[in-house]
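> My questions concern the predicted model and sequence given below.
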Amino acid sequence: MKLQGKKVLLGITGGIAAYKSAELCRNLKKAGAEVRVVMTKGAQAFITPLTLQALSGNPVHHDLLDPNAEAAMGHIELARWSDFVVVAPASADFMARLNAGMADDLLTTLCLATASPIAVAPAMNQQMWANPATQHNVQQLMLKGIEIWGPDEGDQACGDVGPGRMLEPSDLLNRIDDHFNDKPLKGQHWLITAGPTVEPIDPVRYLANRSSGKMGFAIAEAAARAGAEVTLVTGPVNLTVSGSIKRIDVQTAQQMFEAVQSQFKGVDTFVACAAVSDYRPKVAAQQKLKKQSDDGLTIELTQNPDILRWAAEQNTAFCVGFAAETNNIEEYAEAKMTKKGINVICANDVSRKDIGFSSDNNEVSVYYKKDGALQVQQLGPALKSVIAHQLVNFLPGIK
């Protein structure tokens, strides 16, 4: 951890996830950071200032015009004090006001007045997160250089299931720590593929798989935070990415292959995390196929290009593969390494319900060759964002 002596301003807005901010505050202090907490009126309805004062060791700030501080322009001094500002949780209302440049409470005023980097960790109902107004605010905040951390997907306090959960305190701690790291990947270009590919059968049907893209997106974010220039080629997924990452959206395996080829020059590390369809219909019907009889339907398939093997054959980039398996994990992973001509492959067991496809969590076995022998490094079980952080830190050591 690089947090010793760093000054972190923790903003807390109204939401049930505010209880997690207490753990984040405690972890920041444990890592050696100095923490000042700013709470909105809504935040105080969920967790008391006294709790955060005890955990941070400093008075909690919540009034824009505090008579005890304003003689010295306290809110400006606080804005100048911080090395980094993180707002967790960040409500939809707060992000809207921040995007609009409002300064009607202490927290928004500090965000306007500080020259320090700002990150927000959204937390809200899944429908609020999906609302076009919220997504517009998210995009605008990223364009203004504010980092958007999350949200995660899963069960919500209201009973809904979907994206909107605040990232876990351990993940937020890692991300804050990343900000103060020496950017070990600075000067490198990482090319990453993510998500599924879809192969049309006719205008309304296609072949695909269950990949959510979460692991690939998490790796892209982790590499970017470590200083790399990142290009992300993704199949159709419902995920957002930081503004610093170049994103290329594709549908089919052929389109992904062409995008990788076009971006490959000058790439230092290629991470093939996408679940690329092995086959596609040899001929895609131009009109919707109709049921001909009760005897079934035969579709002739042809093999898709092997993107990872092509990349390895170029001998210009360090290539990392992914293998989603349901059995014989080590055997199949080693065979895939040989077939693709690569030295590293990350394998996970997608037969498990608690990790893998569509889950926020994962457990990865990183197989690699060292001195001619097969080695393995276990990562997780943990949030995919945490595993991505661990993987990005681990890979440079085995190049």
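Perfect, I can see it now. Numbers count the residues shown, from 1 in each chain.
> shaky segments in this structure?
Residues of the chain that meet the criterion pLDDT under 70 lie in 1, 64-75, 156, 158, 293, 353-358.
> Now do the domain split for it, please.
Here the domain parsing of the chain from automatic domain parsing is 7-180, 189-398.
> Mean neighbour count added to those domains, as a markdown table?
Every residue, glycine included, has its C-beta placed from N, CA and C. Output for those, formatted as a markdown table (neighbours: other C-beta atoms under 10 Å):
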| stretch | mean neighbour count |
| --- | --- |
| domain 7-180 | 19 |
| domain 189-398 | 18 |
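> give me the beta-bridge partners of E147?
Following DSSP bridges, E147 is listed with bridge partners A119.
> Pull up the gap between the closest residue in space to S244 that isn't next to it in sequence and K339, please.
Nearest non-adjacent residue to S244, counting by C-beta to C-beta, 6 or more residues apart in numbering: A224, 5.4 Å away. Going from A224 to K339 by C-beta to C-beta, to the nearest Å gives 30 Å.
> that older thread, part of a helix, is the residue nearest to S244?
Yes: counting by DSSP: H, G, I helix; E, B strand; the rest coil, A224 is found in a helix.
> Run through the residues that contact it.
When contacts are counted by C-beta atoms under 8 Å, 6 or more residues apart in numbering, A224 touches 230, 242, 244-245.
> Tell me which stretches of the stretch 101-250 of the chain form strands.
Taking DSSP state E, counting those that start in this stretch as the criterion, the stretch 101-250 of the chain carries its strands at 118-122, 147-148, 152-155, 161-165, 189-194, 199-202, 205-207, 229-234, 246-249.
> from the contacts of A224, which is closest to P169?
When the contacts of A224 are compared for distance to P169 (C-beta to C-beta), S242 comes out closest, at 20.2 Å.
> contacting residues around the closest one?
142, 147-148, 221, 224.
> any chance of these in TSV, plus distance to I16?
Written out in TSV, the entries for the contacts of S242 read as follows (distance: C-beta to C-beta, whole Å):
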residue	distance to I16
M142	25
E147	23
I148	20
E221	25
A224	29
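> wait, which of the residues you listed is closest to G42?
I148 (19.8 Å).
> And the closest one, how far from I245?
Distance of I148 to I245, given as C-beta to C-beta: 12 Å.
> now T13
Using C-beta to C-beta, one gets 26 Å for the distance from T13 to I245.
> How about A285?
Looking at A285 against I245, where the rule is C-beta to C-beta, the gap reads 36 Å.
> Over to N343?
Relative to I245, N343 is positioned 26 Å away (criterion: C-beta to C-beta).
> Ok, A275 next?
Distance from A275 to I245, counting by C-beta to C-beta: 20 Å.
> is it true that A18 touches V87?
No: under the criterion of C-beta atoms under 8 Å, A18 makes no contact with V87, lying 11.2 Å away.
> any residues in contact with both of the two?
By C-beta under 8 Å, 6+ apart, the residues touching both A18 and V87 are I12.
> quick one on the thing from earlier: pick the one among the contacts of S242 closest to A31.
Closest to A31 out of the contacts of S242 is E147 (19.0 Å), distances taken as C-beta to C-beta.
> Which residues are in contact with V38?
V38 sits in contact with 9-12, 60-62, 78, 106-107, 110, where contact means C-beta under 8 Å, 6+ apart.
> Please enumerate the helices of this protein.
Assigned by DSSP state H, the helices in the chain fall at 18-30, 49-56, 74-81, 92-100, 106-113, 126-130, 132-143, 169-180, 214-225, 253-263, 307-313, 329-340, 384-394.
> The third one vs helix 106-113, what angle?
Yep, that's helix 74-81 we're talking about. Following axes from the mean of the first three to the mean of the last three C-alpha atoms, to 10 degrees, one obtains 50 degrees for the angle between helix 74-81 and helix 106-113.
> how close does D178 sit to Q390?
The separation that D178 has from Q390, given C-beta to C-beta, amounts to 12 Å.
> ok, back up a step: just send the strands of the stretch 101-250 of the chain back as a markdown table, with distance to Q263 too.
Supplementary listing: those in a markdown table, determined by distance: least, C-beta to C-beta, whole Å:
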| stretch | distance to Q263 |
| --- | --- |
| strand 118-122 | 27 |
| strand 147-148 | 24 |
| strand 152-155 | 28 |
| strand 161-165 | 27 |
| strand 189-194 | 6 |
| strand 199-202 | 22 |
| strand 205-207 | 25 |
| strand 229-234 | 5 |
| strand 246-249 | 7 |
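> And these: which comes nearest A324?
Each of the strands of the stretch 101-250 of the chain was scored for nearness to A324 using C-beta to C-beta, and the closest is strand 189-194 (12.8 Å).
> for that closest one, packing partners?
With contacts taken as 3 or more C-beta pairs under 8 Å, 6 or more residues apart in numbering; DSSP states H and E, strand 189-194 sits against helix 214-225, strand 229-234, helix 253-263, strand 269-272.
> Who does the closest residue to F318 other than its chain neighbours form a beta bridge with?
On the basis of C-beta to C-beta, 6+ apart, the spatially nearest residue to F318 that is not a chain neighbour turns out to be T269, at 4.8 Å. Applying DSSP bridges to T269 gives these bridge partners: W190, F318.
> doesn't I342 make contact with T269?
No: with the criterion set as C-beta under 8 Å, T269 and I342 do not qualify as a contacting pair; they are 11.6 Å apart.
> No more questions from me, cheers.
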